[in-house]
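Asks: Sequence first, then the predicted structure, then my questions.
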Amino acid sequence: MMILGIEGTAHTLGVGIVDDSGSVLANIIKSYPAEEGIHPREAANHHAANVVDCISEALSTAGLEHGEIGVVAFSQGPGLGPCLRTVATAARALSLRLKIPLVGVNHCIAHLEIGRLRTDAKDPILLYVSGGNTQVIAYTRGKYRVFGETLDIGLGNMLDKFGRAHGIPFPAGPVIEKKALNGGTLLELPYSVKGMDVSFSGMLTAALKLDEPLEDICFSIQETSFSMLAEVTERALAHTRKNEVLLGGGVVRNNRLREMIDIMASERGASAYVPEGEFCVDNGAMIAWTGFLMHEAGMSLPVKGSHIRQNYRTDDVKILWRKVTKDF
Ligand code: ATP
Ligand code: FE2
């Protein structure tokens, strides 16, 4: 069976096709350029203008006709209302036209499931760090539970805001990473960890006030924020007694972050996994694959009950496709 998934929670529109063995046949990603920050309605217009072409491109990349798709899945939330509504409409139209089941997928869970598909991680702690999200998620007793998260803005968002103030175009993360390589003085910035939660807005305010070489500020932002993430991830590993860390979200493209998580994991005798870049960022293949797992577990939706869920929480979903473990 072939499954088509449509992602559209924020500025990225993605259409992916996977088969029931987990082969990814197409993964088309088209991002709305968010230089000035993301305007939800404009991003939704971008998705509406491009979704039909992206679906056609995914089908032709996979060498398939519409009629060969057996299930359609879409990102049901969490995310920006207008963007979610646009991709939900496209998915409902496909479901009705092709008379195939419709599945609504939680975006954060999809990051975790595509990581399990694309790497050797079996039962990992997911450190999910993107523009809008920063969460530590793991499976226990029938649910993916959020062990820690940002109490204010996502780390990527912080990097992009800092970058904008210094004339660095969106997305700022990769440029900050390059500049940090030429920095070396660790400047003091708020290190804000509360239990397994983190916060970044204080660091942003403090970093914007610094009158020091930009390379050193970039270096210090990375060292401080990534140490915070390593600390909470380590605490989640200890708490759940798991021994795998999976990375997901656009910020984990950062080599210094990967290195710090690798060091933390190996010091504990745990393993760290990162999927290829196209599966770290928002993409349609992760929605298609999670949609397939859900469909197999009987979790498809009637079109009438397929409303979007802007604040869809990770632990709202019953994970019927995994064996319930009694551990922890
Ligand atoms: P979500 O909707 O899930 O929050 P998103 O729309 O923010 O995701 P992603 O593509 O997952 O999209 O992540 C984009 C973020 O990743 C941006 O904030 C960008 O600055 C950051 N980023 C990308 N590459 C790097 C890098 N090398 N180092 C640090 N941050 C990076
Ligand atoms: Fe994401």
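Replies: Cool, got the structure. Residues are numbered from 1 along each chain as shown. Ligands and ions are numbered 1, 2, ... in the order given.

Asks: can you give me the helices for the stretch 201-328 of the chain?
Replies: 201-209, 214-240, 255-267, 277-280, 284-296 (DSSP state H, counting those that start in this stretch).

Asks: Ok, which of those comes nearest A10?
Replies: Among the helices of the stretch 201-328 of the chain, helix 284-296 comes nearest to A10, with 13.3 Å by Cβ to Cβ. Every residue, glycine included, has its C-beta placed from N, CA and C.

Asks: Same question for that closest one: list its buried residues.
Replies: Going by neighbour count (16 or more other Cβ atoms under 10 Å), the buried part of helix 284-296 is G284, A285, M286, I287, A288, W289, T290, G291, F292, L293, M294, H295.

Asks: Show the model's pLDDT score for whatever residue of the stretch 151-300 of the chain ends up closest to ligand 2.
Replies: Nearest residue of the stretch 151-300 of the chain to ligand 2 (Cβ to the ion) works out as D282 at 4.3 Å. pLDDT, the model's per-residue confidence, is 96 for D282.

Asks: what sits against the residue lying closest to it once chain neighbours are set aside?
Replies: Counting by Cβ to Cβ, 6 or more residues apart in numbering, D282 lies nearest to T12, which is 4.1 Å off, once chain neighbours are set aside. Contacts of T12 were listed using Cβ atoms under 8 Å, 6 or more residues apart in numbering, and they are I29, K30, S31, Y32, V281, D282, N283.

Asks: What distance do you get for T12 to V51?
Replies: 12 Å (Cβ to Cβ, to the nearest Å).

Asks: picking that back up, and the buried residues of helix 284-296, which is closest to I153?
Replies: M286 (23.0 Å).

Asks: Check the closest one and give its pLDDT.
Replies: Predicted confidence (pLDDT) for M286: 98.

Asks: so who does it touch?
Replies: G5, E7, G16, A110, H111, E113, I114, F279.

Asks: Within range of ligand 2, give me the residues from this structure.
Replies: Residues of the chain lying close to ligand 2 by Cβ under 5 Å from the ion are S130, D282.

Asks: Spell out which parts of the chain neighbour ligand 1.
Replies: Residues of the chain found near ligand 1 (Cβ under 6 Å from any ligand atom) are 9-12, 130-133, 154, 156, 159-160, 171-174, 177, 249-251, 253-254, 281-282.

Asks: Now do S306 against ligand 1, distance only.
Replies: Computed as Cβ to the nearest ligand atom, to the nearest Å, the S306 to ligand 1 distance reads 20 Å.

Asks: hmm, I was thinking of Q310
Replies: According to Cβ to the nearest ligand atom, Q310 stands 12 Å off from ligand 1.

Asks: Give the buried residues for stretch 15-25.
Replies: Neighbour counts over stretch 15-25 (16+ other Cβ under 10 Å) mark V15, G16, I17, V18, D19, V24, L25 as buried.

Asks: Rebuild the residues you listed as CSV, extending it with distance to I100 and secondary structure.
Replies: Below are these laid out as CSV (distance: Cβ to Cβ, whole Å; DSSP: H, G, I helix; E, B strand; the rest coil):
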residue, distance to I100, secondary structure
V15, 15, strand
G16, 16, strand
I17, 13, strand
V18, 15, strand
D19, 15, strand
V24, 19, strand
L25, 16, strand
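
Asks: In strands, which of the residues of the chain next to ligand 1 fall?
Replies: Judged by DSSP state E, the residues of the chain next to ligand 1 include T12 as members of strands.

Asks: The residue nearest to P40 when sequence neighbours are not counted and I287, how far apart?
Replies: Excluding the flanking residues, the one nearest P40 by Cβ to Cβ, 6+ apart is L80, at 4.1 Å. Per Cβ to Cβ, L80 is found 16 Å from I287.

Asks: Can you name the residue of the stretch 201-328 of the chain nearest to ligand 1?
Replies: Among the residues of the stretch 201-328 of the chain, G250 lies closest to ligand 1, at 2.1 Å counting by Cβ to the nearest ligand atom.
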